[in-house]
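Chemist: Quick one: sequence and predicted model below, then my questions.
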Amino acid sequence: MFPHEPAEADDVLLHYGEDHHLMGAVVPPIFQNSLFVFPNVAAFRRGFTAGDPYEKGFLYSRIHNPTLEIVERKLARLEGTDAAKVFGSGMAAISAAIFSAVKAGAHVVCVETVYGPTRQLLKDYLPKFNVSVTFVDGCDVDEVVGAIQPETTLIFLESPSSFLFRIQDLAAISAVARTRGITTVIDNSYASPLFQQPARHGIDIVVHSATKYLAGHSDIVAGALCTSADRMARILDNELALFGGILAPLPAWLLLRGMRTLAVRMRAHAETGDAVANWLSEHPAVERVHHVGRPDHPQRALIERQMSGHSGLLSFEPRNQDPVAVEAMVDRLRVFQIGVSWGGFESLVVPIAATCSKWSEPRQVVRLFCGLESPESLIRDLDQALSGG
């Protein structure tokens, strides 16, 4: 169920789920319609029942659409889940996953270095519904388990996590969660389905910011959620149908376009990221490099156990921790552009004051996304910026 061989993954990305070439078109058309009509009342009523929309007929594009279904079949196959659904943004998918797993009075355990808006949703928004959260480092399974309370209904993971790229033991955490009836959700945007399939390790719901590597061209905003058939049926009836966060057909078609080159792009991002990370690790102005691909990553053994590759996203801590100096260095960059998100063709940089429970004070961290420019171009750019221009 989990395609690991590159040739099989490539076949899924290029051809899986595209059983028919409408009028011989090698690229599926965009079904840019809001509703679907039926030949009779019986067929119309079947449109409201559970089952495969390809068999029962599509009903309404707020729920199902043929263009979206092609993307979703590919994603489910790659993640090794029964079903997938694409949303209007990564946060729409993340929110649907979280709301499907909590209720009033519930408690959530979440890794502290999770994506910022996810943290904001859990920390600042959900308390209005009497939902509480405990943030943990996540690297220590015992710490995660120790944070579980009688009211815990959700453990939210992000491995590798944002900015510091820390890893959680997915199999160990999900095994404990399953025995206690706790839902596990993971943001798998960093690895993409090519380099990590969390469902294989027991995770219940896998979410993606499809804006990033899956789409890959910085021209759409999208999200994805992958899970079992039973969970997906409940999410379709509730969080998807009632919140209305489904992706529109045109960006779904662009997402499909982007996924066709995912394997090629991921290999290029990884190779460039490795070259940049290795160069940074030797630079006198750099104190520490955070990169999943580095052999000196403190969780190397776990990485090799649950991931089959890594991407071009990394960060480093400048030796000079003066925030003004760090911002000046970032401003000197010319190829790296200052911008949020990542996963497209362009290289990006974001400086932050990062915090975590293991640090006594915030640290200046510079996150780099290595796009599709040459490694030599990116290294030259970093060299002149770190050297003072």
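Modeler: Looks like it came in fine.

Chemist: Can you classify Pro295 by secondary structure?
Modeler: State at Pro295, reduced to three classes by DSSP: H, G, I helix; E, B strand; the rest coil: coil.

Chemist: my bad, should have said Arg234
Modeler: Going by three-state DSSP: Arg234 is helix.

Chemist: Then Phe135?
Modeler: Secondary structure of Phe135, per three-state DSSP, is strand.

Chemist: Kindly report the same for the one 10 residues further on.
Modeler: Three states are possible here, and by three-state DSSP the one that applies to Val145 is helix.

Chemist: okay, now it: neighbour count?
Modeler: Val145 has 16 neighbouring residues, counting by other CB atoms under 10 Å. To be clear about C-beta, it is placed using only N, CA and C from the backbone, and glycine gets the same treatment.

Chemist: Then Gly181?
Modeler: By other CB under 10 Å, 8 other residues sit near Gly181.

Chemist: Tell me which residues are up against the helix or strand where Ile94 lies.
Modeler: Following DSSP states H and E, one finds Ile94 within helix 90-101. Identification of contacts with helix 90-101 by CB atoms under 8 Å, 6 or more residues apart in numbering yields 85-87, 108, 115, 117-118, 121-122, 126, 153-154, 156, 183, 185, 187, 189, 205, 207-212, 221-225, 231, 234-235, 238-240, 243, 245.

Chemist: try stretch 120-129
Modeler: Counting by CB under 8 Å, 6+ apart, 91, 94-95, 98, 102, 104, 108, 110, 131-133, 135, 156 sit against stretch 120-129.

Chemist: Pull out the buried positions in that stretch.
Modeler: Residues of stretch 120-129 classed as buried: Leu121, Leu122, Leu126 (neighbour count, 16 or more other CB atoms under 10 Å).

Chemist: List just the nearest of those residues to Val12.
Modeler: Set against Val12, the nearest of the buried residues of stretch 120-129 by CB to CB is Leu121 (31.3 Å).

Chemist: related to what we said a few turns ago, just the ones of the contacts of helix 90-101 in helices?
Modeler: Of the contacts of helix 90-101, the ones assigned to helices by DSSP state H are Pro117, Thr118, Arg231, Arg234, Ile235, Phe243.

Chemist: For Asn238, the count of nearby residues, please.
Modeler: Close neighbours of Asn238, defined as other CB under 10 Å, add up to 13.

Chemist: Skip the chain neighbours and tell me the closest residue to it.
Modeler: Leaving out its chain neighbours, the residue that sits closest to Asn238 by CB to CB, 6 or more residues apart in numbering is Ser100, at 6.8 Å.

Chemist: if I pick Gly273, what's in contact with it?
Modeler: Taking CB under 8 Å, 6+ apart, we find Gly273 in contact with His291, Gly293, His310, Ser311, Gly312, Leu313, Leu314, Cys370.

Chemist: now swap in Glu373 and tell me
Modeler: Glu373 neighbours (CB under 8 Å, 6+ apart): Thr272, Val335, Glu346, Ser347.

Chemist: picking up where we left off before, let me know the closest of the contacts of stretch 120-129 to Pro198.
Modeler: Nearest to Pro198 out of those is Phe156 (CB to CB; 12.2 Å).

Chemist: Run through this protein and note the low-pLDDT ranges.
Modeler: The chain contains residues with pLDDT under 70 at 1-7, 14-16, 19-23, 47-57, 389.

Chemist: Can you give me the domain assignment for it?
Modeler: Per automatic domain parsing, the structural domains of the chain span 6-259, 262-386.

Chemist: most packed of those domains?
Modeler: Comparing those by mean neighbour count (mean count of other CB atoms under 10 Å), domain 6-259 ranks first with a mean of 19.

Chemist: Need the distance between the two termini of stretch 189-208.
Modeler: Terminal residues of stretch 189-208 lie 5 Å apart, using CA to CA, to the nearest Å.

Chemist: what are the ranges of the strands in the stretch 101-250 of the chain?
Modeler: Secondary structure of the stretch 101-250 of the chain (DSSP state E, counting those that start in this stretch): strands located at 107-111, 132-136, 152-158, 183-187, 205-208, 223-227.

Chemist: Include distance to Phe36 when you put those strands into TSV, please.
Modeler: Formatted as TSV, these follow (distance: least, CB to CB, whole Å):
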stretch	distance to Phe36
strand 107-111	38
strand 132-136	41
strand 152-158	35
strand 183-187	31
strand 205-208	27
strand 223-227	23
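
Chemist: Among those strands, which comes closest to Gln168?
Modeler: Nearest of the strands of the stretch 101-250 of the chain to Gln168, taken as CB to CB: strand 152-158 at 5.0 Å.

Chemist: Now do the same contact list for Thr272.
Modeler: The contact partners of Thr272, by CB under 8 Å, 6+ apart, come to Gly312, Cys370, Gly371, Leu372, Glu373, Ser374, Pro375, Leu378.

Chemist: Most widely separated two among these?
Modeler: Across these, the longest distance by CB to CB is 12.5 Å; it joins Gly312 and Ser374.

Chemist: between the ones in helices among the contacts of helix 90-101, which is nearest His217?
Modeler: Nearest to His217 among these, with distances taken as CB to CB, is Pro117, at 21.9 Å.

Chemist: For the chain, which residue occupies the most central location?
Modeler: In the chain, the residue lying closest to the centroid (CA atoms, centre = their mean) is Ser189, at 1.8 Å.

Chemist: Leaving out the residues flanking it, which one is nearest to that residue?
Modeler: Nearest in space to Ser189, with sequence neighbours left out and distances taken as CB to CB, 6+ apart, is Ser209 at 4.4 Å.

Chemist: Could you measure from the one you found over to Ala106?
Modeler: 24 Å (CB to CB, to the nearest Å).

Chemist: Likewise for Pro249?
Modeler: Distance of Pro249 to Ala106, computed by CB to CB: 35 Å.
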